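Participant: The sequence and its predicted three-dimensional model are supplied below.
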Amino acid sequence: MADEVQIEEMLEYIWLLEEDHGKAESTLMDNKFGSEIARNYLNKMVEQKLISFSDSIIAFTDNGRNRAKLIIRRHRIAERLLNDVLDMSGDEFEAGACQFEHFVNEEIIASICTLLGHPAVCPHGKKIPPGECCTSARRNLGPVINPLSEIKSGEKVKVVYVTTKSHASLDRLSSIGVIPGLVLTIHQKRPSIIIQYGETQLALDKDIAENIFVRAV
Amino acid sequence: MQDAKTKIFDSTAIDYRIALVGNPNVGKSVLFGLLTGKYVTVSNYPGTTVEVSRGMYVGSNETVEVVDTPGANSLISHSEDERVARDILLRDEEQKIIQIIDAKNIQRGLLITTQLAEMGLPVSIGLNMWDETLDRGMTIDTDKLEKTLGVTLTKTIATQKYGINTLRNSVSSVKIPKIKIDYGDVIEDGIKKIEELLPDNLTIKKKAVAVMLLSYDADLEETLKFDKQVIDSIHKVRDDVQSKYGHSLSYVIIRKRSEYVDNLLKGIVSYRDKEEKAGAISRNAFFFFIMPLVSFFIGFKVMDLLMFMIANYVVASGQTALILKLAGGGVSVGYYSFYLFSREYKTDRKITSILGTLTMHPVLAWPMLLVVLWGIYKIVGEFGAGDCVDFIESKIFGSSLEMSGGFDFKVFIPFTNIEYVFTHVNFQGINYYLGWLCQKFMSADNFFFELFLGRDAGIIQVGVTYSIAIILPIVGFFFVSFGLMEDSGYLPRLAVMLNRFFKILGLNGKAVLPMVLGLGCDTMATLTTRILDTKKERIISTLLLALAVPCSAQLGVIAGILGSVSGLHLAIYFAVIFSQMLLVGYISSKVLKGTGSDFLMEMPPFRRPKLTNILLKTYYRTKWFLKEAVPLFVLGTFILFILTKLGILRYIETAARPVVKHFLGLPVETTSGFILGFLRRDYAVVSIFKALEEKAGNLAIDPNQLIVALVVITLFVPCLANFFVMIKERGAKTAFYMLAFIIPFAFLVGGILRYILQWLSI
């Protein structure tokens, strides 16, 4: 079991290296995990046909990539849950997410993902690999949290979290008052979405509305 | 210009400065006007103040300079407006702040107060729009809030000049607001570390700067001109703090502020359950009388316009047409009433807010838009460009060689055929008298007579007459209708409706303001492109204004000329211009580097516009126009005169002959019109029309030729003034690139259109 956890950690790290640098060099693995452990486990992973080496670059096999994807997905979904819904912050949620990813099965993750309205990025702004639940049209469990763009007009909702790509949009939204906890009403949806809160009416693009996640009040 | 002004103020003894600060559209500009007696454009559209205005007032024993800043939702800059506002606070020393808060959005206003307090700036607060706040059933316990904040609060209603003197006097007792936000240990720790890195010569408190730096305010680093080393250390502290949070620090900080303000307002703001109900009589009149009447008219008119466009294909006798129109009216009453009675009648909303909703309704707003456009056409196109221009041009100015014959001073009673003539005014036109006077000591073919009063290119006979008799009434009436749209709050609603269309062009709904203003004057519109958020959007909108948005002067003339062609040709003209706008906008949104911005716009409430403000605004805009345009007209006419006299025009005509004659299929005489187009676009329309008219002699002008010429002229280079503004706003390089694109493109489209028309044998 401990082996499994270690392998998962390493798969996760290779994924991150590929994401940040485009390739994963084995020396970086040595730095992170210590050269002995790294060599030992990388060999095991090659045996299990999860990765392959060319020179000192580590590449995923299809099998390995799928496995890593699931781990990353679990980690980032967990981050969303802990950070946005349970409102943990700082080290707390990071550590929580790290433990979470090794113990939760796919079914639970799918439920959480659905519950959160199939988020596309983690709180740090990195992409969450989509799972089956995100791509399939059927939604067994009605999501509790939905993007604002999917709420019918006239409904009253509460903002749970906001995930726009850029700091600028996020800051603009928040300085106008659109922050978690805000209760707003959808005034209309076409030709543009207009929301009303307090005495403010705000018109916004669908692109922005897709990044504002809300729950019914 | 700006420098010169500042200098004058510096030399005067100023006791202190006041900066007006506040969110967008809270009435800073109105208050600025009231405090200083100086006019700045006031409108019900967020972000209208793009330039900083400074004015002064002399109190009983002191001289105060007042600075109007652009609206900002936060003093951490995300847009040019906010940066401008923030930089004023950073630079100017020994100043006091009057913060204007829209009382009904007090929460957002106080968010800025927290930032001012952090900066350590002394503040006095004006709670503006107090009337609207009361109307909405909102009460604010100002005494309690005053005690909590420790600053003076003044209730004001700027548009009614209520509370202005109290606000002015409150300046003597400005204080730093008693606000202390705890950002949590991690951030507070980071703030302390950054404070240690900061130099001591800052005009505002270190804590505020530290918070801004933690909020990723990159512009601030530039403004304060830190060493690279200092910046690196600051970034290191920030990254350390950031790593403890899942969200960006700026967001965490704003949330802390919001929480603080929310707590502060507990027990201070309360709502009555219901909005103040509109008077039963006016309310019922609105639902049972006004709206049915208006909606009947809308339906009637929409049907009318539809039938006009297909008039050539449907031969409807008078009676059928009337029945169709009445049916249109009936259907429209049905729809509007159904909506109003099912949705709005039982609610207690005010009539203006019902109208505000109606004007951005996904379906019902469109016919209303059509009728609004028709109304503007009636006022600007028919009354302004038709009746007024005719009268001023032929009767007031007249011709230098012929008598105008005078006019009747009369009253026409509508709906009857009674005309009552008071007297005949035997006025033969200014130009006639001037010509008559000149002919006393020179003949009509004297060089100077021709220079000033010549029929073709006389500076007074053509240049001045043209700008004042033709352009002024059109532009003036346009500014009136534009002012109405702006101040009622219709314009931002138009932005909501047209957002999707502008998205195709790489812009967003916010671009409605410059684009619609462009229909009045492209030059002025190019100046207002500054309200757009990104550089890319500003470039695209400048290009589209120059290329495809005809200004009111041009539209007036074009509308007059197009009156002589069929509805089909009219439709072709508009379809071509519109499609080119789409095409060029779409392509440039793909080709140009940089990003667009997302549409995020506050809807100001629908209001009854104030006539005085509209008239004042029109006056200032017209004055600006006269100052800019008349000299250019004169210059243009003068250049034309020289070109004609020296025979250069003929030379250019010869050079351009192949393109104009063989590619566009137009008579060579029109060439001079295209060259003139650079001086005034509208001017070109007239001269080309005249050339075509002369060529045709007694025959009718070939409508295809006319359409091709008009398309080229519309797409052609903007007027000289517009080009100067393009250089000023976008830089010479960009402006010349645009010019180099527009000229060949206009000819290309014209040529292609000619061949298509030929091929289709229309």
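Facilitator: Received the coordinates, thanks.

Participant: contacts and neighbour counts: CA atoms only from here.
Facilitator: Fine.

Participant: Look up phi and psi at the closest residue to chain A within the stretch 101-250 of chain B.
Facilitator: Per C-alpha to the nearest C-alpha, B:Lys244 is where the stretch 101-250 of chain B lies closest to chain A, at 4.0 Å. Main-chain dihedrals, B:Lys244, degrees, to the nearest 10: phi -90, psi -10.

Participant: Could you do B:Gly267 as well?
Facilitator: Main-chain dihedrals, B:Gly267, degrees, to the nearest 10: phi 80, psi 0.

Participant: residues touching the residue lying closest to B:Cys521 once chain neighbours are set aside, list them.
Facilitator: Of all residues not flanking B:Cys521 in the chain, B:Cys551 sits nearest, at 5.1 Å (C-alpha to C-alpha, 6 or more residues apart in numbering or on different chains). By C-alpha atoms under 8 Å, 6 or more residues apart in numbering or on different chains, the contact set of B:Cys551 is B:Gly518, B:Leu519, B:Gly520, B:Cys521, B:Asp522.

Participant: Give me the residues contacting the particular helix or strand that has A:Leu11 in it.
Facilitator: Here A:Leu11, judged by DSSP states H and E, is contained in helix A:2-21. Contacting residues not belonging to helix A:2-21 are listed as A:23-24, A:29, A:41, A:45, A:58, A:64, A:67-69, A:71-72, A:102 [C-alpha under 8 Å, 6+ apart].

Participant: Need the per-residue pLDDT for the residue of the stretch 601-750 of chain B found nearest chain A.
Facilitator: Per C-alpha to the nearest C-alpha, B:Glu602 is where the stretch 601-750 of chain B lies closest to chain A, at 4.4 Å. According to the prediction, B:Glu602 has pLDDT 82.

Participant: Please identify the helix or strand for the closest residue to B:Lys206 other than its chain neighbours.
Facilitator: Among residues not flanking B:Lys206 along the chain, B:Glu195 sits closest, at 5.7 Å (C-alpha to C-alpha, 6+ apart). Using DSSP H and E, B:Glu195 maps to helix B:185-197.

Participant: Check which residues of that helix are buried.
Facilitator: Using 16 or more other C-alpha atoms under 10 Å in any protein chain shown as the test for burial, helix B:185-197 gives B:Ile187, B:Glu188, B:Gly190, B:Ile191, B:Lys193, B:Ile194, B:Glu195.

Participant: quick revisit: toward the C-terminus, what is the element adjacent to the one helix or strand the residue of the stretch 601-750 of chain B closest to chain A maps to?
Facilitator: Using DSSP H and E, B:Glu602 sits within strand B:600-603. Using DSSP H and E, the helix or strand that follows strand B:600-603 in sequence is helix B:611-646.

Participant: just to revisit the earlier point, touching whichever helix or strand comes after the helix holding B:Glu195 from outside, list them.
Facilitator: Note on helix B:185-197: by DSSP H and E, the next helix or strand toward the C-terminus is helix B:206-214. Helix B:206-214 is touched from outside by B:76, B:115, B:118-119, B:191-192, B:194-195, B:198, B:220-221, B:234, B:238, B:249-250, with contacts defined as C-alpha under 8 Å, 6+ apart.

Participant: what about B:Ser258, which helix or strand?
Facilitator: According to DSSP H and E, B:Ser258 maps onto helix B:249-265.

Participant: now the angle from that helix to helix B:206-214?
Facilitator: Interaxial angle of helix B:249-265 relative to helix B:206-214 (axes from the mean of the first three to the mean of the last three C-alpha atoms, to 10 degrees): 130 degrees.

Participant: which helices and strands sit right next to helix B:249-265?
Facilitator: Packing partners of helix B:249-265 (3 or more C-alpha pairs under 8 Å, 6 or more residues apart in numbering or on different chains; DSSP states H and E): helix A:167-176, helix B:106-119.

Participant: Which SSE is immediately downstream of the last one?
Facilitator: Using DSSP H and E, the helix or strand that follows helix B:106-119 in sequence is strand B:123-128.

Participant: distance between that following strand and the chain's centre?
Facilitator: 28 Å (C-alpha atoms, centre = their mean, to the nearest Å).

Participant: that older thread, can you pull the alpha-carbon coordinates of the helix holding B:Ser258 into CSV?
Facilitator: These are the backbone C-alpha positions of helix B:249-265, laid out as CSV (Å, rounded to 0.1, in the frame of the first residue of the first chain):
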residue,chain,number,x,y,z
LEU,B,249,-4.2,37.6,-2.9
SER,B,250,-6.0,40.5,-4.4
TYR,B,251,-9.2,38.5,-4.2
VAL,B,252,-8.6,37.5,-0.6
ILE,B,253,-7.9,41.2,0.3
ILE,B,254,-11.1,42.4,-1.4
ARG,B,255,-13.1,39.8,0.4
LYS,B,256,-11.7,40.9,3.8
ARG,B,257,-12.6,44.5,2.9
SER,B,258,-16.2,43.5,1.9
GLU,B,259,-16.6,41.5,5.1
TYR,B,260,-15.5,44.5,7.1
VAL,B,261,-17.9,46.8,5.3
ASP,B,262,-20.8,44.4,5.6
ASN,B,263,-20.2,44.2,9.4
LEU,B,264,-19.9,48.0,9.6
LEU,B,265,-23.3,48.5,7.9
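
Participant: Moving C-terminal from that helix, which element do we reach first?
Facilitator: Once helix B:249-265 ends, the next helix or strand along the chain (criterion: DSSP H and E) is strand B:269-271.

Participant: what about the helix or strand following that next one, distance to the chain center?
Facilitator: Sequence order places helix B:280-285 as the next helix or strand after strand B:269-271, per DSSP H and E. Relative to its chain's centre, helix B:280-285 lies at 34 Å (C-alpha atoms, centre = their mean).

Participant: contact partners of helix B:280-285?
Facilitator: B:Ile351.

Participant: Let's see that helix as PDB, backbone CA atoms only.
Facilitator: This file holds the C-alpha atoms of helix B:280-285, laid out as PDB (Å, rounded to 0.1, in the frame of the first residue of the first chain):
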ATOM      1  CA  ALA B 280     -52.200  55.300  -8.400                       C
ATOM      2  CA  ILE B 281     -53.400  57.800 -11.100                       C
ATOM      3  CA  SER B 282     -50.100  58.000 -13.000                       C
ATOM      4  CA  ARG B 283     -49.600  54.300 -12.600                       C
ATOM      5  CA  ASN B 284     -53.000  53.400 -14.100                       C
ATOM      6  CA  ALA B 285     -52.500  56.000 -16.700                       C
END
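
Participant: Show me which residues of it are buried.
Facilitator: Here helix B:280-285 shows B:Arg283 as buried, counting by 16+ other C-alpha under 10 Å.

Participant: Counting by contacts, list what the helix or strand just after it packs against.
Facilitator: Proceeding N to C from helix B:280-285, the next assigned helix or strand is helix B:291-309, under DSSP H and E. If you count contacts as 3+ C-alpha pairs under 8 Å, 6+ apart, helix B:291-309 packs onto helix B:318-339, helix B:365-376, helix B:567-591.
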